[in-house]
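1. what follows is a predicted protein model with its sequence.
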Amino acid sequence: MNCDVGHVPCADIATVGALARAALNARRAGERLRVVDASGALEELIELAGLGEALLGRDGREPEQREEPDRVEECREACDPPA
């Protein structure tokens, strides 16, 4: 479910806290809350609080730091015993 915060006039840490609580309640109900239409300042506060993944759907890592998709297998040395 989306939470449109475009109408929020002032972004502060209390706003981030309220959104985090709402996201937690949504997860307890089996839903996922995603913040949409956030101002740049609110997005920065969400990221600073470490809640980018939970509230904005971002994982906060650069693309080269992300894990490879499941279809890519790691190579193993020829002398490694089979798992």
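-> Great, that's in hand. Numbering: from 1, shown residues only.

2. I figured Arg32 hits Ala26, correct?
-> Yes - if you go by C-beta atoms under 8 Å, Arg32 and Ala26 touch, sitting 6.4 Å apart. Backbone N, C-alpha and C define where each C-beta goes, glycine included.

3. these two - which one has more neighbours?
-> The residue with more neighbours, out of Arg32 and Ala26, is Ala26; 15 against 12, by other C-beta atoms under 10 Å.

4. and the helices in the chain?
-> 13-28, 40-48 (DSSP state H).

5. residues of the last one that come out buried?
-> Put plainly, it is helix 40-48. Under the neighbour-count criterion of 16 or more other C-beta atoms under 10 Å, helix 40-48 has Leu42, Glu43, Leu45, Ile46, Glu47 buried.

6. please name the nearest non-neighbouring residue to the third one.
-> The spatially closest residue to Leu45, leaving aside those adjacent along the chain, is Val16, at 5.1 Å (C-beta to C-beta, 6 or more residues apart in numbering).

7. which non-adjacent residue is nearest Arg58?
-> In space, and not counting its chain neighbours, Arg58 is closest to Gly52: 4.2 Å by C-beta to C-beta, 6+ apart.

8. give me the neighbour count for the one you found.
-> As a burial measure, Gly52 scores 18 neighbours (other C-beta under 10 Å).
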